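**Q** Any chance you could fold what I've pasted below:
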Amino acid sequence: MNSEISPQLLVNIFTPNTPLHDGAVVISDNKIMASACMLPLASDKDIAKELGTRHRAAIGISKESDSIAVVVSEETGKISVAKDGTLIADIKEEALKRILIKHVVTKRMQQNEKKEIKFVNKIKEKINNNRSKNKKEEIKK
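**A** Numbering: from 1, shown residues only. Alright, predicted model coming up:
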């Protein structure tokens, strides 16, 4: 899909009885990369039997990747989050915001800082190389 995230698009994707309704939406780098995705199901015997396929898929993908899976129960509308194979059930909107900021926004900021530091270090290296080159040329004169 490679689409910008918008509430309208997400509502449209998850409207019942539409082609993209079943399955997960994958979001990466602030874009909806794919929809109607089938995720690996957790098969742990210690997972509560009342959890459905949606919750098992969230747990499964969070075990197999570094993703954070947000689940909205179709029956109750309650929100759950899975990370590292652990499901946090029935969280409130503020808690969801904190989790996403901590794990997604902060991580992205750290990655950007690392890129900026590498960029600055490359520039410093070029400046130092040019200085060395200029000094060698001055010595030759």
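
**Q** and the residue nearest to L39 when sequence neighbours are not counted, how many neighbours does it have?
**A** Excluding its sequence neighbours, the residue lying closest to L39 (C-beta to C-beta, 6 or more residues apart in numbering) is A57, at 3.9 Å. For glycine as for every other residue, the C-beta is placed from the backbone atoms N, C-alpha and C. By the criterion of other C-beta atoms under 10 Å, A57 has 21 neighbours.

**Q** Check V72 too.
**A** The burial count for V72: 11, using other C-beta under 10 Å.

**Q** Phi, psi for the nearest residue to it once chain neighbours are set aside please.
**A** Spatially, and ignoring its direct neighbours in sequence, V72 is nearest to I79 (5.6 Å; C-beta to C-beta, 6+ apart). For I79, the backbone dihedrals (degrees, to the nearest 10) come out as phi -100, psi 140.

**Q** ok, back up a step: give me the pLDDT for the residue nearest to L39.
**A** The score at A57 is 94. That number is its pLDDT.

**Q** you'd agree it is up against D22?
**A** No - the criterion here is C-beta atoms under 8 Å, and A57 misses it with D22 at 10.9 Å.

**Q** re the thing from before, tell me which residues of the strand or helix carrying the residue nearest to L39 are tucked away?
**A** Element membership of A57, judged by DSSP states H and E, is helix 53-64. Residues of helix 53-64 classed as buried under the neighbour-count rule (16 or more other C-beta atoms under 10 Å) are 54-63.

**Q** same check, this time on stretch 38-47
**A** Judged by neighbour count using 16+ other C-beta under 10 Å, the buried positions of stretch 38-47 are 39, 41-42, 47.

**Q** got the contact list for it?
**A** The contact list for stretch 38-47, computed with C-beta atoms under 8 Å, 6 or more residues apart in numbering, reads 23-24, 53, 55-61, 63-64, 69, 85, 87.

**Q** Good, wrapping up.
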